[in-house]
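Chemist: Sequence first, predicted model second:
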Amino acid sequence: QVQLVESGGGLVQPGGSLRLSCAVSSSIFSVNVMGWYRQAPGKEREVVATVTHDDSTIYADSVKDRFIIARDKSKNAVYLQMNSLNPEDTAVYYCNAEVRRSWSSPWRDYWGQGTQVTVSS
């Protein structure tokens, strides 16, 4: 069973920083796109940032110039450095990865369990 294990959420004051981490915990064949999504109370889940296997990145307009996504292919891990946080960034953050479990398996999306990020004074 493929699992994505997240860490790094918490409570931070406005203007502060947090770093989220996510790693694929099981043996797999390949990982394609990895990304971070978030869901605030009463809102739909939205994409925050994604990174492809060749390190091309896409950011939501609301986080450009504040957040940085990066991946470590040797660890099948993805990170989200979040700077200049504001209360509107408060949400549950989910890691996502497009994974092939073996050379003959189809690509499938997997999700982490979610980690709470709260920005408040």
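Modeler: Looks like it came in fine. Numbering: from 1, shown residues only.

Chemist: element containing the closest residue to N32 other than its chain neighbours, please.
Modeler: In this structure, N32 finds its nearest non-sequential neighbour in E98, 4.1 Å apart by C-beta to C-beta, 6 or more residues apart in numbering. No exception for glycine: its C-beta is placed from N, CA and C like everyone else's. Assigned by DSSP states H and E, E98 falls within strand 91-100.

Chemist: same deal with Y37?
Modeler: Judged by DSSP H and E, Y37 forms part of strand 30-39.

Chemist: neighbours around R108, how many?
Modeler: The number of residues packed near R108 is 11, by other C-beta atoms under 10 Å.

Chemist: pretty sure it is touching S102, no?
Modeler: No - look at R108 against S102 with C-beta atoms under 8 Å: they stay out of range, at 11.4 Å.

Chemist: Now for the residue most central in space within the chain: which residues touch it?
Modeler: Closest residue to the average C-alpha location of the chain: W36 at 2.6 Å, with C-alpha atoms, centre = their mean. W36 is in contact with 20, 22, 47-50, 69, 78, 80, 93-96, counting by C-beta atoms under 8 Å, 6 or more residues apart in numbering.

Chemist: Kindly report the same for T50.
Modeler: 33-36, 57-58, 69, 96.

Chemist: try G15
Modeler: 84-86.

Chemist: Tell me how far it lies from N86.
Modeler: 8 Å (C-beta to C-beta, to the nearest Å).

Chemist: now swap in S26 and tell me
Modeler: 36 Å.

Chemist: same check, this time on G8
Modeler: Counting by C-beta to C-beta, the gap from G8 to N86 is 18 Å.

Chemist: contacting residues for V47?
Modeler: 35-37, 58, 60.

Chemist: rerun at 6 Å
Modeler: 37, 60 (C-beta atoms under 6 Å, 6 or more residues apart in numbering).

Chemist: Over to V63?
Modeler: V48.

Chemist: before we move on, what about the one 4 residues further on?
Modeler: Under the criterion of C-beta under 6 Å, 6+ apart, the contact list for F67 reads 49, 82.
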